[in-house]
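A.B. asks: with the input below, show me the fold.
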Amino acid sequence: MVLPLTGVRILDLSRVWSGPLATRILADLGAEVIKIEVGGQADRSKTAIPEAVAKMMGTFPNGIPGDQPWNRNGTSIDFNRNKMSVTINLTSSGGRDLFRRLVAIGDVVLENYSPRVMRNFGLDYAALREINPHLIMVSMPGYGMDGPYRDYVAYGTSLEPQAGFSGLMGYPDKGPYKLGVAYPDPVAALHAAAAVLIAYWHRQKTGQGQYIDLSQMEAATALIGEFIVGYGLTGEVPSSLGNRHPYMAPHGCYPCQGEDRWLVISVGSDEEWCALCRVIGRPELAADERFADQLNRWHHQDDLDEIISAWTQNIDHRVAMRILQDAGVAAGAVLDAEEMAHDEHLAERGFFWEIPHPAAGTFSYPGLPIRFSSLALGARLPAPLLGEHNEHVFIDLLGLSREDLADLGHEGAIDLVSA
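C.D. replies: This next block holds a predicted model:
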């Protein structure tokens, strides 16, 4: 099947989460993604991992790292499906020359190093454009390619507070909270994937290449624009509201039957409030002066939370969600990883893709949450073993010989891990 990005070749130098997720999205859509990595220096370190550490990480099949943990890490398998893997050592002149040859036949280069790395390699956009004038290049460092924070070390967990998220999280007078995941990473990934598509469309129309400077901090900050605008209009810094809402009430997370089971309820109108009152068996509350309208309910949220919790704590969180949704009240069960993996809705929609992997076995992974009426997306290739496609890329695409590969391996230009 011809997919939307069939024929687009992407050289993926990225690591950790933001870049690999961006290129995985593009690979799922049909792009030929060549992941360039070096054992011990990129996402997959060629070192043994003690089982105790592997179990703590929680990303290996059954908690067992095996003899080749670099090929069994579930995170790497998840992010690298539908890609090829080659090993090039960019710290060697031979490795850089090899990368330049790939740039000559590529369409896109994507990297998320700090701003100084590609320039130090002599592989910044100005240099690569001399090789391929039509090249699209995406650089996605933590803070962008210029500005006073340019060279700061960045991870999603440190970008989150600087992007404004942590300041909005938490409860009044209890300080900021962080999210459970490094949220700026996937946010940047979506922006990067979209940027590649836009630049490629532009190139199809004009023939021009493009350089894309994507700040991961700015990508995340863009999602809290309403709060920044609010400060600009009022001069007031938004306060932390916990699970409450600036004007909707009741609005919160309520304890349910069972251990650590919760339900979120959000009421946005008088009609929804009346429906909630009927569901919890307290229809008289709709006429209570404390809750007569949205403003009064907002001012009596402590009373509301106590009343609602008295109902939710005696009912299963999924059952409560269904009952409330059937009555027209926005409600969602708080699901943990186990519940999501067995969620009937996600299962019926085929959200999880079952992918066999030669080193890790067969497991389910989150699919691409986009459905096309005339395209069948899926895992065409499992995540590659480290360096699995060295011969295909270097011999079939670049025209090197096996002797050339052996020489490059001896020089340290490539890692012969899979040769």
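
A.B. asks: chain center to stretch 148-163, what's the gap?
C.D. replies: Chain-centre distance of stretch 148-163: 17 Å, with CA atoms, centre = their mean, to the nearest Å.

A.B. asks: next one: stretch 163-172
C.D. replies: 20 Å.

A.B. asks: same question for stretch 176-191.
C.D. replies: Taking CA atoms, centre = their mean, one finds stretch 176-191 lying 7 Å from the centre of the chain it belongs to.

A.B. asks: give me the buried positions along that stretch.
C.D. replies: Across stretch 176-191, burial judged by 16 or more other CB atoms under 10 Å covers 182-189, 191. Bear in mind the C-beta positions are built from the backbone N, C-alpha and C, glycine included.

A.B. asks: state the three-state secondary structure for L385.
C.D. replies: Here L385 is recorded as coil under DSSP: H, G, I helix; E, B strand; the rest coil.

A.B. asks: chain center to the helix or strand hosting A199, what's the gap?
C.D. replies: Per DSSP states H and E, A199 falls inside helix 184-206. Centroid separation between helix 184-206 and its chain, computed with CA atoms, centre = their mean, is 15 Å.

A.B. asks: next secondary structure after that helix?
C.D. replies: Downstream of helix 184-206 (by DSSP H and E), the next one is strand 210-213.

A.B. asks: give me the sheet partners of that next one and which way each runs.
C.D. replies: Applying DSSP bridges to the sheet, strand 210-213 is found paired with strand 136-139 (parallel).

A.B. asks: state the next helix or strand along the chain beyond the partner strand.
C.D. replies: Beyond strand 136-139 in the direction of the C-terminus, DSSP H and E gives the next helix or strand as helix 156-162.

A.B. asks: can you list the residues that contact that next one?
C.D. replies: 17-18, 142, 166-167, 176, 178-179, 181-185, 216-217, 220 (CB atoms under 8 Å, 6 or more residues apart in numbering).

A.B. asks: in that helix, what's buried?
C.D. replies: 156, 158-160, 162.

A.B. asks: what's the closest of those to P283?
C.D. replies: Nearest to P283 among the buried residues of helix 156-162, counting by CB to CB, is E160 at 43.1 Å.

A.B. asks: re the thing from before, just checking, which of the contacts of helix 156-162 belong to helices?
C.D. replies: Judged by DSSP state H, helices contain the following of the contacts of helix 156-162: 18, 166-167, 184-185, 216-217, 220.

A.B. asks: how about JSON lines for these, with pLDDT added?
C.D. replies: Below are the ones in helices among the contacts of helix 156-162 laid out as JSON lines (pLDDT from 0 to 100):
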{"residue": "S18", "pLDDT": "96"}
{"residue": "S166", "pLDDT": "89"}
{"residue": "G167", "pLDDT": "87"}
{"residue": "P184", "pLDDT": "95"}
{"residue": "D185", "pLDDT": "95"}
{"residue": "Q216", "pLDDT": "96"}
{"residue": "M217", "pLDDT": "95"}
{"residue": "A220", "pLDDT": "94"}
